[in-house]
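Enquirer: what would the 3D arrangement of this be:
(one chain, ligands or ions: 3)
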Amino acid sequence: MSRRINLAVIPGDGIGQEVVTQGLKVLRAALPQDVKLETQEYDFGAKRYHATGETLTDTDVEQLKGHDAILLGAIGDPSVPSGVLERGFLLKLRFLFDHHVNLRPSKLLPGVATPLAGQPEIDFVVVREGTEGPYTGNGGTIRKGTPHEVATEVSVNTAFGVERVVRDAFARAQARPRKKLTLVHKNNVLAFAGHLWTNVFNEVAKEFPEVTTDYIHVDAATIYLVTDPGRFDVIVTDNLFGDIITDLAAAVSGGIGVAASGNINPSGEFPSMFEPVHGSAPDIAGQGKADPTATVLSVALLLRHLGYEAEAARIEEAVAADLGERGTAPRTTEEIGDALAVRVAG
Ligand SMILES: NC(=O)C1=CN([C@@H]2O[C@H](COP(=O)(O)OP(=O)(O)OC[C@H]3O[C@@H](n4cnc5c(N)ncnc54)[C@H](O)[C@@H]3O)[C@@H](O)[C@H]2O)C=CC1
Ligand SMILES: CC(C)CC(=O)C(=O)O
Ligand SMILES: [Mg+2]
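Expert: Ligands and ions are numbered 1, 2, ... in the order given. A predicted model of the protein is given here:
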């Protein structure tokens, strides 16, 4: 195991800086003294875009390649046209670094409030495809701005891309106690992509006879995520469906403020990137209201990815203890970060 972590830190926009500051604080508290943490901060986001017109240059990409991992806050700001930073920075980086496994765990911890009736058991992982689907920018507009405008946004699904993420999801299901994998898609309507996903899923399933499988249309999946979330163990789905259902998954399992994610490049050819599921939350930015827990849990995913299992587990235990005792009195972003750092160090 490397005893040095060379981390790229991208606070980004809105609450990004606030939550990343706390994430780094907890990371430092978790690392043993003999592990050298080197961080380099990058100023990607709205401020840089306004100053230079740049989102992510070739030079930036080359510099980022040199890191062991990336910690991101969030990207996106109301002062920049919607999509410019999201596409020009975030998706560009996920695609260039081939982050095809977008890992989004959901676990309702004891004592944590949920809008669902009772205290249902929620412990599942969404494996969202991260480099294809409707997010590739494959589309266009004709007769723009006229009453006859036509816009297309084509979903790209390759056998190669679907198979590798489905295989990853099967392996993850195989490694979990319940060994269950659910494919979520919309193959009753999105027949071309849906059938590719279904066929690949059924073929790969033959290699994992211990894994129980099922299929649920994405609309029905949103019902079960609310009425029967315990039925899910591992979910594999495409980029768009995965984006949507993981916000819902967050909402039922402790809130968007505690939902972590990893954009994984499993081969290690490029650094993986860890970030909260949430966005830049401009509505609460700069007010100390953002919950940094999602970023802290993303730090735990980052550490596990780099082989620091014990440190990752310690952070998760600290979060579980903190959430269990949180109560209803509001705390600031910094107060939560401080409390987590103290627990982790202690
Ligand atoms: N990975 C990324 O960088 C993402 C960026 N975005 C971008 O972020 C901007 C805002 O997007 P929205 O759709 O409003 O989604 P959002 O996730 O930023 O906010 C949705 C709601 O959740 C709340 N929220 C988010 N994070 C929170 C936290 N840590 N603690 C407490 N409350 C929190 C917000 O206050 C808001 O009410 C947009 O520019 C969007 O494109 C959105 C999602 C992901
Ligand atoms: C802003 C999008 C590009 C990303 C997003 O919403 C997500 O990855 O959850
Ligand atoms: Mg999202």
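Enquirer: mind checking the SS state of the residue nearest the centre of the chain?
Expert: Centroid-nearest residue in the chain, with CA atoms, centre = their mean: Ser261, separated by 2.8 Å. Under DSSP: H, G, I helix; E, B strand; the rest coil, the three-state class of Ser261 is strand.
Enquirer: and Leu248, by the same measure?
Expert: Taking three-state DSSP, the label given to Leu248 is helix.
Enquirer: list the residues that contact it.
Expert: Residues near Leu248 by CB atoms under 8 Å, 6 or more residues apart in numbering: 222, 225-226. Bear in mind the C-beta positions are built from the backbone N, C-alpha and C, glycine included.
Enquirer: which one of those sits closest to Val19?
Expert: The closest of the contacts of Leu248 to Val19 turns out to be Leu225 (CB to CB; 24.6 Å).
Enquirer: which other residues reach the helix or strand encompassing the closest one?
Expert: Secondary structure assigned from DSSP states H and E places Leu225 in helix 218-227. Residues from elsewhere that reach helix 218-227, judged by CB under 8 Å, 6+ apart: 116, 182, 184-186, 216, 231-232, 235, 237, 241, 244-245, 248-249, 252.
Enquirer: out of those, which end up buried?
Expert: The neighbour count (16 or more other CB atoms under 10 Å) marks 116, 182, 184-186, 216, 232, 235, 237, 241, 245, 248-249, 252 as buried among the contacts of helix 218-227.
Enquirer: which of those residues fall within strands?
Expert: 182, 184-185, 216, 235, 237 (DSSP state E).
Enquirer: can you put the residues you listed in JSON lines and add pLDDT and distance to ligand 1?
Expert: Listed next are these as JSON lines, based on pLDDT from 0 to 100; distance: CB to the nearest ligand atom, whole Å:
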{"residue": "Thr182", "pLDDT": "99", "distance to ligand 1": "24"}
{"residue": "Val184", "pLDDT": "99", "distance to ligand 1": "19"}
{"residue": "His185", "pLDDT": "98", "distance to ligand 1": "22"}
{"residue": "Ile216", "pLDDT": "98", "distance to ligand 1": "24"}
{"residue": "Ile235", "pLDDT": "99", "distance to ligand 1": "19"}
{"residue": "Thr237", "pLDDT": "99", "distance to ligand 1": "17"}
